[in-house]
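> quick one, fold the following:
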Amino acid sequence: MRILLKRLLAILSQLKPGLVSGSVYEQASHFLFNGKYVWTYNDHMCAIHPFKTKFPFSVNAQDFHSLCTKLNNTGFDVISITLEKNKLLIKAKNDKGKSKKEFEGRIDCLSTIEEMSLFFNQFSLDQNKWNPLPDNFVEGVDLCLLSLSDDITDRRFSSVHVHKKYLLSSDDIRLTKVNLSSPMNDSFVMPGFNLSYFSNFTFDKYLIDFPWSIFKSSESNVILCIRLVDQEPLDPGDIFGFDKMEIAVPVDFKEVVDLCSVSSDETGIIKFCFNNNSLECKGTDESKHFAIKQDIDFKGKETIFSGSTLFLKQLFDIIDIKNFKMFCCKEKSKLLFASDQVQHLLALINEKG
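Residues are numbered from 1 along each chain as shown. Down below sits the predicted model:
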């Protein structure tokens, strides 16, 4: 059968999230073709794309992708594939130009994929079961990655909690809440370590077939299946209901955070100094004098709190601070950045007073 190389490579590149090397599943490092779809899978994720072949086979992803890329880069547009026992015979011709080129090669493959087909068949891809996904769901998931813990053993703080009206994540120091543009039919919990590729796609449909959440892109036809965490979504309670005062966001706040981050390592901090109706923000490397000061409605003795420079820089790299309001808890223990749809809470450290 003949295959257009550019189309094949474009599809295979979208399936890389499902590839894992060194897995207990041998096929976790393979592209799997069942005649109707091509997919990759591991125990936590499966990426699927429609792709018709005349026969089923499984081939090492790195070897196959590398070979197809080299053929494409050397001027071949089409390949033909044939199954020869446990080998995939690949042929290509290039009649363009004065010189003619031909290629013939074989790579190892598996021609029986019954076990993998059983895995694939557990996914319910019935068109009638798809639900519409809120327009800002993918963007919201990306924002929630800001507040995930690196400790994946504690799923409360390393997962994105999907409620019917909002998304939530927290590492117990930061908390991000994103209000969805439209309500969903389901609530569920997705492990954060599976979501780094999520924003690469424009998903617009989903369905829940526990233990899997399944997302589909009508634009690219990619289907991504993510194994769910077996627990109820984290309830934030009235965490945003604290007594707070609004602070006008300093015009140069993002620039100051960027400068402060240059003068400190990942453990660096920005100090928020409340004193005599003023707020001063400065970096940990005081020799560089990165600071801003503004008047606020504050009465009381001098109070100094600190927040992570890294956390603030990560936030400002994603959001447009001009669209956010900034609030400080009157006990000076929390800093809140809020827009109509997004709320990002950062715990502060009391250093003095």
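> what mean pLDDT does stretch 272-282 get?
Stretch 272-282 comes out with an average pLDDT of 77.
> backbone torsions only: list them for the most centrally placed residue in the chain.
Against the mean C-alpha coordinate of the chain, by Cα atoms, centre = their mean, the closest residue is residue 196 at 2.9 Å. Torsion angles at residue 196 (phi, psi; degrees, to the nearest 10) stand at phi -70, psi -30.
> please apply the same query to residue 67.
phi -70, psi -50.
> list the contacts for it?
90, 105, 107 (Cβ atoms under 8 Å, 6 or more residues apart in numbering). In this view, the C-beta of every residue, glycine as well, is placed from N, C-alpha and C.
> can I get stretch 242-252 as CSV, trimmed to CA atoms?
What follows is stretch 242-252, C-alpha atoms only, in CSV (Å, rounded to 0.1, in the frame of the first residue of the first chain):
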residue,chain,number,x,y,z
PHE,A,242,-11.1,36.1,53.1
ASP,A,243,-11.0,39.7,54.2
LYS,A,244,-8.9,41.4,51.6
MET,A,245,-7.8,44.8,50.2
GLU,A,246,-7.3,45.6,46.5
ILE,A,247,-3.9,46.8,45.5
ALA,A,248,-3.5,48.6,42.2
VAL,A,249,-1.2,46.4,40.1
PRO,A,250,2.1,48.4,39.6
VAL,A,251,2.6,49.4,36.0
ASP,A,252,6.0,47.8,35.9
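> any idea of the mean pLDDT in that stretch?
79.
> pick the one among the contacts of residue 67 closest to residue 60.
For those, the residue nearest residue 60 by Cβ to Cβ is residue 107; the value is 7.2 Å.
> now residue 191: how far from residue 141?
Here the criterion is Cβ to Cβ, to the nearest Å. By it, residue 191 lies 12 Å from residue 141.
> actually residue 307, not the one I wrote
Distance from residue 307 to residue 141, by Cβ to Cβ: 24 Å.
> do the same with residue 75
The value you get for residue 75 to residue 141, if Cβ to Cβ is used, is 40 Å.
> okay, now the closest residue in space to residue 63 that isn't next to it in sequence: neighbour count?
Using Cβ to Cβ, 6 or more residues apart in numbering and skipping residues adjacent in sequence, the residue nearest residue 63 is residue 107, 5.4 Å away. Residue 107 has 14 neighbouring residues, counting by other Cβ atoms under 10 Å.
> quick one, what contacts residue 107?
Counted by Cβ under 8 Å, 6+ apart, residue 107 has contacts 59, 60, 63, 64, 67, 87, 88, 90.
> now it: phi and psi?
Torsion angles, degrees, to the nearest 10, at residue 107: phi -130, psi 150.
> tell me the bridge partners for it.
When bridges are called by DSSP bridges, residue 107 pairs up with residue 88.
> settle it for me: which of residue 75 and residue 141 has more neighbours?
residue 141 (21 against 12).
> tell me which element that one is part of?
Here residue 141 sits within helix 137-144, counting by DSSP states H and E.
> hmm, back to that, pick the one among the contacts of residue 67 closest to residue 27.
The closest of those, once distances to residue 27 are taken by Cβ to Cβ, is residue 107, at 15.2 Å.
> just to revisit the earlier point, these two touch, right, the residue nearest to the centre of the chain and residue 144?
No. Contact criterion Cβ atoms under 8 Å: residue 196 and residue 144 do not qualify, at 12.0 Å.
> before we move on, back to that, quick one: contacts of the helix holding residue 141?
Helix 137-144 is contacted by residues 134, 160, 167-169, 176, 178, 180, 184, 190, 192, 195, 198-199, 201-203, 318-319, 341-342, 344 when judged by Cβ under 8 Å, 6+ apart.
> can you flag which of these belong to strands?
160, 167, 168, 169, 176, 178, 190, 342, 344 (DSSP state E).
> what is the nearest of those residues to residue 44?
Nearest member of the ones in strands among the contacts of helix 137-144 to residue 44, counting by Cβ to Cβ, is residue 190, at 10.2 Å.
> just to be sure, residue 314 is in a strand?
No. Under DSSP: H, G, I helix; E, B strand; the rest coil, residue 314 sits outside any strand and is assigned helix.
> and the pLDDT for the nearest residue to it once chain neighbours are set aside?
Once flanking residues are discounted, residue 314 sits nearest to residue 146: 5.7 Å by Cβ to Cβ, 6+ apart. Listed pLDDT for residue 146 reads 90.
> please report how far residue 146 lies from residue 168.
For residue 146 relative to residue 168 (Cβ to Cβ), the value is 12 Å.
> just to revisit the earlier point, of the ones in strands among the contacts of helix 137-144, closest to residue 229?
Nearest to residue 229, judged by Cβ to Cβ, of these is residue 190 at 7.0 Å.
> if I look at the closest one, how far off is residue 202?
With Cβ to Cβ as the criterion, residue 190 and residue 202 are 18 Å apart.
> which one of these two has more residues nearby?
residue 190 (24 against 12).
> OK, contacts around that one?
141, 159, 160, 162, 213, 226, 228, 229.
> can you lay out those as TSV showing pLDDT and distance to residue 332?
Listed next are the contacts of residue 190 as TSV, based on pLDDT from 0 to 100; distance: Cβ to Cβ, whole Å:
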residue	pLDDT	distance to residue 332
141	96	31
159	96	30
160	97	29
162	98	32
213	93	39
226	93	39
228	95	38
229	95	34
